[in-house]
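Trainee: model the following, please.
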Amino acid sequence: MNKGNRGIIADKILVDLYVKQKRSAKEISKILNCSENKVNYWLLKYAIEKRSISEAVYAKCNPNGDPFKFVPPKTPEDFRLFGLGVGLYWGEGTKADKNQVRLGNSDPKLILAFMKFLRRFFSIEKSEFKFHLHTFSDIDTEEAVCFWKKELGIARAQFYKPTVTQSGKLGTCRKKSKYGVITVHFSNTKLRDIMVGLIDSVNKPL
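Mentor: Residues are numbered from 1 along each chain as shown. Below is the predicted model:
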């Protein structure tokens, strides 16, 4: 254990392990062969702010940091795409889901536009998206999956298990597309909060 007299844990060690490496107090106690209470004591002593439970869970799920990187718009074309992406999420996205960015529609061009927005400004690879297909009982599910694979240029492995609803249950919703409704997912709480924050910023009074 790398420490000074009387069981003092050096502040630079805690900064490295807790802040930079995002290790938990429990993990640090095992690394330094001391009690978790001692780690928490020195975190408090050095005024190193403890992570909330949600922040701790996020850090554990993303040990290498955020799986995205924000790239601000620079050109007029960028700003148009940026505004379009925020507008699409505002109108079509599922804001109630606190753990992922999610948007569903029956129009492939709309889905592609939103994916382009996320790829351009948040550096998300196409292979990192997941998709959920919602079809109806009188639609050939395999044909629908093949349609969306081709239109979006994605792999079969990116699909969750499709949801099939009995025809007529949702009224005229099924008339939107003979290939059902596709929802694009990117699971990340921080990105979801950023997207909601962008919407909130638009709503702020001038």
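Trainee: buried residues in the least confident helix or strand in the chain by mean pLDDT, which are they?
Mentor: Within the chain, no helix or strand scores below helix 53-61, which has a mean of 74 by mean pLDDT, DSSP states H and E. In terms of neighbour count (16 or more other C-beta atoms under 10 Å), helix 53-61 has its buried residues at Tyr58, Ala59. Glycine gets a C-beta too; all of them are placed from N, C-alpha and C.
Trainee: residues touching Asp200, list them.
Mentor: Asp200 is in contact with no residue at all, counting by C-beta atoms under 8 Å, 6 or more residues apart in numbering.
Trainee: element containing it, please.
Mentor: Counting by DSSP states H and E, the element that carries Asp200 is helix 189-203.
Trainee: what mean pLDDT does that helix have?
Mentor: Mean pLDDT, helix 189-203: 90.
Trainee: got the buried residues for it?
Mentor: Thr189, Leu191, Arg192, Met195, Val196, Leu198.
Trainee: cool, stretch 105-115 as well?
Mentor: Asn105, Ser106, Pro108, Leu110, Ile111, Phe114, Met115.
Trainee: in the chain, where is pLDDT below threshold?
Mentor: Flagging of the chain using pLDDT under 70 yields the residue ranges 1-7, 168-176, 204-206.
Trainee: got the domain ranges for the protein?
Mentor: 5-61, 76-203 (automatic domain parsing).
Trainee: hang on, the earlier thing: looking at the buried residues of helix 189-203, which one is closest to Ser137?
Mentor: Arg192 (32.0 Å; C-beta to C-beta).
Trainee: ok, for the closest one, nearest residue in space, not its chain neighbours?
Mentor: Spatial nearest neighbour of Arg192, excluding adjacent residues (C-beta to C-beta, 6 or more residues apart in numbering): Val101 at 5.2 Å.
Trainee: that's a helix at that neighbour, yeah?
Mentor: No: according to DSSP: H, G, I helix; E, B strand; the rest coil, Val101 belongs to no helix; its state is strand.
Trainee: which residues of this protein fall in helices?
Mentor: For the chain, the helices defined by DSSP state H occupy 11-14, 25-32, 36-45, 53-61, 76-92, 108-122, 141-152, 189-203.
Trainee: turn these into JSON lines, including distance to Thr135.
Mentor: Below are the helices of the chain laid out as JSON lines (distance: least, C-beta to C-beta, whole Å):
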{"stretch": "helix 11-14", "distance to Thr135": "53"}
{"stretch": "helix 25-32", "distance to Thr135": "45"}
{"stretch": "helix 36-45", "distance to Thr135": "50"}
{"stretch": "helix 53-61", "distance to Thr135": "31"}
{"stretch": "helix 76-92", "distance to Thr135": "18"}
{"stretch": "helix 108-122", "distance to Thr135": "15"}
{"stretch": "helix 141-152", "distance to Thr135": "5"}
{"stretch": "helix 189-203", "distance to Thr135": "26"}
